[in-house]
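> here's a sequence, model it:
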Amino acid sequence: MFTSRRAQCQAQASSGAGVERPSPLRASRCCNLPQHGSGNPWITIAVQAVSSWQRPAELIACSHQVDWQQQQQQQQQQRQQQQQQSHVCLIANAGNRKNRPHILVQQQQQYEQHQQQQQQQQQQHYQRALASSLLGSVLLLQAILPQSAAAHVAIDKLMQQQEQPALQSALTAGFDPAAAAAMRAAATGNLSSSSSSSSSRPRQSPVASAAAQALGQLQAAQAAQKSGDYAAALAGYSAVVSQHPDLALAEYARLGRALMLYEAGDVSGCLIGLQDQELSMRGYPEVHAALAAVLYTERPAQRLRAEQQFNIAVEFDARFQDAAWVRGNKAWGPRLMGALTRFLLLQ
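A predicted model of the protein is given here:
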């Protein structure tokens with residue numbers, strides 16, 4: 001009896017039939033909870049769940065509605081904050097626009113000041129360069145002018161010394177215009193000849209004198225080469241190289257010495273000299289042609305390089321393909337001409 005009554009109550013409770021449902025007001029009063037519509041929505045949902053015995057689906061719908069309301073409130077707050085921030089940015093931009101002309105003016109002034117400073121520095125640099133060049137010119141003139149001034153003073157003194165006896169003789173023995181003119185002409189002639197002789201011997205700088213000496217030695221060596229005296233030519237070229245190594249004429253002397261070394265039988269020295277000159281005188285056709293002939297004859301393993309060197313020589317001067325022209329104009333020795341002939345004939 002008791003068990004059946006208990007089972008019946010459980011069935012009625014599960015189905016909801018026969019159970020008195022309290023009203024929301026009664027439930028809230030009994031539980032001491034706030035009514036529906038109070039400040040906290042979750043409390044409202046709890047009250048509704050207790051008071052109206054809502055099913056789980058209805059409770060989930062209510063919770064979703066509460067979430068949506070909270071999201072709407074958060075979005076509204078974010079929009080208000082963004083509006084406030086945009087308002088602040090507008091105020092700041094307005095202030096910047098108001099101050100922008102002043103900023104532009106300041107930047108323009110700074111740029112103009114920078115340009116003026118650069119111009120002043122350039123002017124100062126130009127003035128210093130001009131002053132240094134003028135100072136050098138003045139020093140050079142001071143070094144040159146005293147000699148000429150001293151020469152003029154000496155000439156004036158000599159003329160005065162030579163004119164004084166003529167005047168004394170004219171005063172004592174009577175004035176003779178022809179004799180005085182002759183004596184004056186003789187005096188001026190002597191002075192002009194002395195001045196011309198002194199001016200005809202200008203002072204040469206050490207570089208000019210060294211260049212003149214090197215040129216003379218180089219011409220003598222070339223003349224000996226043309227005459228067939230290869231030993232004298234080798235000595236002349238070697239003298240130019242050893243005595244004047246810094247002059248440009250020494251490059252041609254080194255080339256001539258290398259060619260004469262080949263005539264003397266020194267193949268290694270000739271190749272070393274020609275290879276050095278091929279670097280320092282690159283583009284000079286005689287160097288490339290001579291190196292091609294010697295490499296083709298003396299170094300068969302480097303015949304490809306010999307072909308390349310001769311192609312370079314022909315690019316600059318095609319007349320090196322004619323052995324007769326080389327013999328007549330470059331005065332190569334018989335041994336070097338034989339090497340060139342073998343190269344041209346591919347022997």
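> tell me where this structure has helices.
2-15, 24-31, 41-52, 56-173, 177-199, 206-227, 230-243, 249-264, 267-280, 285-298, 303-316, 323-329, 334-345 (DSSP state H).
> check those helices for me: which has the lowest mean pLDDT.
When the helices of the chain are compared by mean pLDDT, helix 24-31 comes last with a mean of 43.
> count of residues packed around residue 265?
9 (other Cβ atoms under 10 Å). (C-beta placed from N, C-alpha, C; glycine too.)
> I meant residue 113, not that one.
Counted with other Cβ under 10 Å, residues neighbouring residue 113 total 10.
> burial check on residue 115, number of neighbours?
10.
> quick check on residue 228: phi, psi?
Dihedral angles of residue 228 (phi, psi; degrees, to the nearest 10) stand at phi 100, psi 0.
> which pLDDT value belongs to it?
90.
> distance check, it against residue 256.
From residue 228 across to residue 256, the span is 14 Å (Cβ to Cβ, to the nearest Å).
> the more surrounded of the two?
residue 256 (25 against 12).
> list the contacts for that one?
Residue 256 makes contacts with 218, 221, 222, 225, 233, 237, as judged by Cβ atoms under 8 Å, 6 or more residues apart in numbering.
> with residue 270 instead?
258, 259, 261, 262, 294.
> and those, which two are furthest apart?
261 and 294 (10.3 Å; Cβ to Cβ).
> who has more neighbours, these two?
Shown here are residue 261 and residue 294; by other Cβ under 10 Å, residue 294 has more neighbours (26 against 22).
> re earlier: can I get the contacts of residue 270 in CSV including distance to residue 244?
Formatted as CSV, the contacts of residue 270 follow (distance: Cβ to Cβ, whole Å):
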residue, distance to residue 244
258, 17
259, 19
261, 19
262, 23
294, 26
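> of those, closest to residue 276?
Distances from residue 276 to these, taken by Cβ to Cβ, are shortest for residue 258, at 8.2 Å.
> the closest one reaches residue 278, doesn't it?
No - look at residue 258 against residue 278 with Cβ atoms under 8 Å: they stay out of range, at 10.1 Å.
> so the two - more neighbours on which side?
Using other Cβ under 10 Å, the more surrounded residue of residue 258 and residue 278 is residue 258, with 25 against 18.
> state the distance from the more buried one to residue 237.
Taken as Cβ to Cβ, the span from residue 258 to residue 237 is 9 Å.
> what is the end-to-end distance of stretch 314-323?
With Cα to Cα, to the nearest Å applied, stretch 314-323 spans 13 Å between its terminal residues.
> what are the buried residues along that stretch?
By neighbour count on 16 or more other Cβ atoms under 10 Å, the buried set for stretch 314-323 is 314, 320, 323.
> which of those lies closest to residue 209?
For the buried residues of stretch 314-323, the nearest to residue 209 is residue 320 (35.9 Å; Cβ to Cβ).
> wait, that closest one sits on residue 314?
Yes - counting by Cβ under 8 Å, residue 320 touches residue 314, with 6.2 Å between them.
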